[in-house]
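**Student:** Task: produce atomic coordinates for the following.
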Amino acid sequence: MTSRSSAAITAPSECVLVAGAPSCRCPQDVHQVSDEQLIVRATDKFRWQQRAAAEGRTAARAGLDALLVAARHDRPSTVVSELLRMCIMIRIYDPDLTVPAHVETDTVRTEVETLLQEYTELAELDNDPRRLGEAATLRALRTGTFCQGENALADTAAAHAILTDLVAPMPGENPKEWARLLSRSLNGLVLVLLKLGSHELADEVSQRGIAVAESGGVPAMDRLIHQLNRVRLQLSWALRLERGGRDAAAATRFVGAAQAAHAAGQLWGPAHGIHDDGSAAITGCSIISTAYALKQPTPDQIDLLVSLEPTTHFTEDRIMLAIATARCLLVAGRPAAAAAALAPLQTELRIATPDAVLTLALHREFAKMDGLAHGAPRRPDALARYAEALESELWALREARLTALRSHSEHHRLALEHGAVAAQALQDPLTGLPNRRALDLRLAEAVTTPSAQPCAVALIDLDRFKDVNDDRSHAAGDAVLREVATCLRTILRSHDMVARYGGDEFVVVMPATPPAEARAALQRAADAVAALPVEVAAGVTMSVGVVRAPLDGDPAAALAAADAAMYRAKHAGGNTVVSGAVAPAAATAAESGPVHSNRVMSTVASTSVTASNSVTPATVSSRAARPSAATIRSE
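**Tutor:** Numbers count the residues shown, from 1 in each chain. This is a model prediction of the structure:
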């Protein structure tokens, strides 16, 4: 495919900011890199900034924002969506901007809302259920960060209903890439459920995410991240159980955390491209060492835990590391040092509380250690009963939240099943693209919306497609249609609509696109289809006719004009793009009379397309009204 996905890369292979430069140059290199390389750079930048100082995070955020601006111009919706997701998350997870009353918090909240809306619209446009589920996860994460966590229940439940029901990729989607992205989406949902304290539900989602990653051959780095988050899940769960007086159940979770830490240690070497028996993970990753220490605290772990403190960036990890360090110090007979290890975080979290479960665990731990350090007498019975009653009430609230989440999720799942029936009426079952009915709705909207002008409409017909059906099989023809549909959706821009029109024809609606720009984009798409391997696309090419659909014009007239231009492309030998023009309504009526009117009506009326590439009688009759249509279809 002669697209950016296979173009020669002349720019540096990695982001210079990640390599040590003071600023990011990716926006200047964007026209020299492929879609895949662009995403790799953005992902590296996003991961790097999580460990960077404030100025590094600022530079990374500016670089991602600039990449998004550049990608919106001519990159496919999948690439734009990936960049949007990272631009959203880099804001939500910024430790400087999510502190309550921070001067920039309101600005960031507004930016996140705008980016989230764009991400959701692209997911809806592509009818991508995984991205719709991830949009719900991002909304819940947004709400939990900037507002009250309780308000995130509905979006969390929606994400759970969507993501846990996905069992197979969409037509034309790469199964390995689908597995990687779905497991990543499930991992994101785990983090939201942890913020809500719904450990049981998080455990179910975590296991599903890891299973998808392992069965789908997901890269080691992604699987490592899953296991590390599973360690966090088990530790948070154990500390919550301890607060509720369920010590035996907590011990079981601490063992589970150590087992997940061992699994993460085995992935550490492959993920980082080194030979390692797991020891590098223990000395290089605080959450792994924390898991071992909380399972069985010993004095000989103190130095390692203290050495990991400067490189531990996430507040949640810092809390668990501090608790592990304090327990090891207590075992060593140093209660005052144990309290001192907790004191800075205990003071810090009076201002910001990113995770209620862990924050309460920290305050509880500090109270215990501080009491032991100062020889405080045993708590009065009345105070002890009060603390127990508070914990019992918190436990009941947590159980109610979990019940509400499960109920909301089931309700959303039923609503999705009902909505899926309606959605099928707007989707082509073979290619997964929008069908004729969806196209009619989009065209009607485009020609009546001033902001969509100039709007280009293109009709695409595959050259020599009949030979594929005749010489190979209709099943082979179906496979070719799916490949061409995927290619078109990948090459054309995120806001362009690609619909299956019938048989081997497609229509592209390109809002806010000047004719010259539309023709150039369609020519790139034609070149990409022509470059598909013969074993994939059987050597088919495209004849394309493109016109401008005027404001308040007749969508059927635009389609008829694009159809006529497409036939000129056919007569020119195919594999090309020809521009046309929509005739004024009065001129069209005078020149064409009833014959032209019948042709347009028959074209618009023939909406019946079967799941295969075969054409229904309605479609055949509409083609018979076209000049030389039967001859052209038998190339």
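**Student:** List the contacts of the residue sitting nearest the centre point of the chain.
**Tutor:** Of all residues in the chain, the one closest to the mean position by C-alpha atoms, centre = their mean is R131, 4.8 Å from it. By C-beta atoms under 8 Å, 6 or more residues apart in numbering, the residues touching R131 are S81, Y119, L122, A123. Where C-beta positions appear, they are placed from N, C-alpha and C, glycine not excepted.
**Student:** Nearest to T490 among those residues?
**Tutor:** S81 (12.5 Å; C-beta to C-beta).
**Student:** Where does the closest one sit: helix, strand or coil?
**Tutor:** helix (DSSP: H, G, I helix; E, B strand; the rest coil).
**Student:** Going by secondary structure, the closest residue in space to it that isn't next to it in sequence is in what exactly?
**Tutor:** Leaving aside its sequence neighbours, S81 sits nearest to L122 (C-beta to C-beta, 6 or more residues apart in numbering; 5.1 Å). Using DSSP states H and E, L122 maps to helix 105-126.
**Student:** so the following helix or strand past that helix versus helix 105-126, what angle?
**Tutor:** Downstream of helix 105-126, the first helix or strand assigned by DSSP H and E is helix 129-146. Interaxial angle, helix 129-146 versus helix 105-126 (axes from the mean of the first three to the mean of the last three C-alpha atoms, to 10 degrees): 170 degrees.
**Student:** Alpha carbons of the helix or strand following helix 129-146, as PDB, please.
**Tutor:** As assigned by DSSP H and E, the chain's next helix or strand after helix 129-146 is helix 153-163. Extracted C-alpha coordinates of helix 153-163, given in PDB (Å, rounded to 0.1, in the frame of the first residue of the first chain):
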ATOM      1  CA  LEU A 153     -20.900   5.200  38.000                       C
ATOM      2  CA  ALA A 154     -23.000   5.500  34.900                       C
ATOM      3  CA  ASP A 155     -20.100   5.900  32.500                       C
ATOM      4  CA  THR A 156     -18.100   3.200  34.300                       C
ATOM      5  CA  ALA A 157     -21.100   0.800  33.900                       C
ATOM      6  CA  ALA A 158     -21.500   1.700  30.300                       C
ATOM      7  CA  ALA A 159     -17.800   1.000  29.600                       C
ATOM      8  CA  HIS A 160     -18.100  -2.300  31.500                       C
ATOM      9  CA  ALA A 161     -21.100  -3.400  29.500                       C
ATOM     10  CA  ILE A 162     -19.500  -2.500  26.100                       C
ATOM     11  CA  LEU A 163     -16.000  -3.800  26.700                       C
END
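**Student:** mind checking the end-to-end distance for stretch 68-82?
**Tutor:** In stretch 68-82, first residue to last residue: 9 Å (C-alpha to C-alpha, to the nearest Å).
**Student:** filter the contacts of R131 to the buried ones?
**Tutor:** By neighbour count, with 16 or more other C-beta atoms under 10 Å, the contacts of R131 hold S81, Y119, L122, A123 as buried.
**Student:** Dump those into CSV; add distance to Q32 and pLDDT as well.
**Tutor:** Formatted as CSV, those follow (distance: C-beta to C-beta, whole Å; pLDDT from 0 to 100):
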residue, distance to Q32, pLDDT
S81, 22, 95
Y119, 26, 95
L122, 25, 91
A123, 29, 91
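**Student:** Using JSON lines, lay out those residues together with distance to D106.
**Tutor:** Formatted as JSON lines, those follow (distance: C-beta to C-beta, whole Å):
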{"residue": "S81", "distance to D106": "26"}
{"residue": "Y119", "distance to D106": "20"}
{"residue": "L122", "distance to D106": "25"}
{"residue": "A123", "distance to D106": "26"}
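**Student:** Let me know the closest of those residues to R385.
**Tutor:** Y119 (49.3 Å).
**Student:** And A324, how far from F254?
**Tutor:** 10 Å (C-beta to C-beta, to the nearest Å).
**Student:** Correction: the previous question concerned D74.
**Tutor:** 52 Å.
**Student:** And these two? Which one has more around it.
**Tutor:** F254 (22 against 19; other C-beta atoms under 10 Å).
**Student:** Now do whichever strand or helix holds Q259, average pLDDT.
**Tutor:** In the assignment (DSSP H and E), Q259 maps to helix 247-272. On average, the pLDDT along helix 247-272 is 95.
**Student:** switch to numbering from 163
**Tutor:** All set: I'll call the first residue 163, so the last point we hit is now helix 409-434.
**Student:** Buried residues in it, which are they?
**Tutor:** In helix 409-434, counting by 16+ other C-beta under 10 Å, buried: 412, 415-416, 418-431, 433.
**Student:** tell me what the top helix by length along the chain is packed against?
**Tutor:** Taking DSSP state H as the criterion, the chain has its longest helix at helix 543-586. On a contact count with 3 or more C-beta pairs under 8 Å, 6 or more residues apart in numbering; DSSP states H and E, helix 543-586 meets helix 315-325, helix 361-377, helix 382-405.
**Student:** got the ones you listed as TSV, with distance to A718 and mean pLDDT columns?
**Tutor:** Formatted as TSV, those follow (distance: least, C-beta to C-beta, whole Å; pLDDT from 0 to 100):
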stretch	distance to A718	mean pLDDT
helix 315-325	36	90
helix 361-377	45	95
helix 382-405	48	95
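**Student:** between these, which one is nearest to P189?
**Tutor:** helix 382-405 (25.0 Å).
**Student:** How about the closest one, which residues are buried there?
**Tutor:** Result for helix 382-405 [16+ other C-beta under 10 Å]: buried residues 382, 384-405.
**Student:** relative orientation of that helix and helix 409-434 in degrees?
**Tutor:** Using the same axes, to 10 degrees: helix 382-405 against helix 409-434 is 160 degrees.
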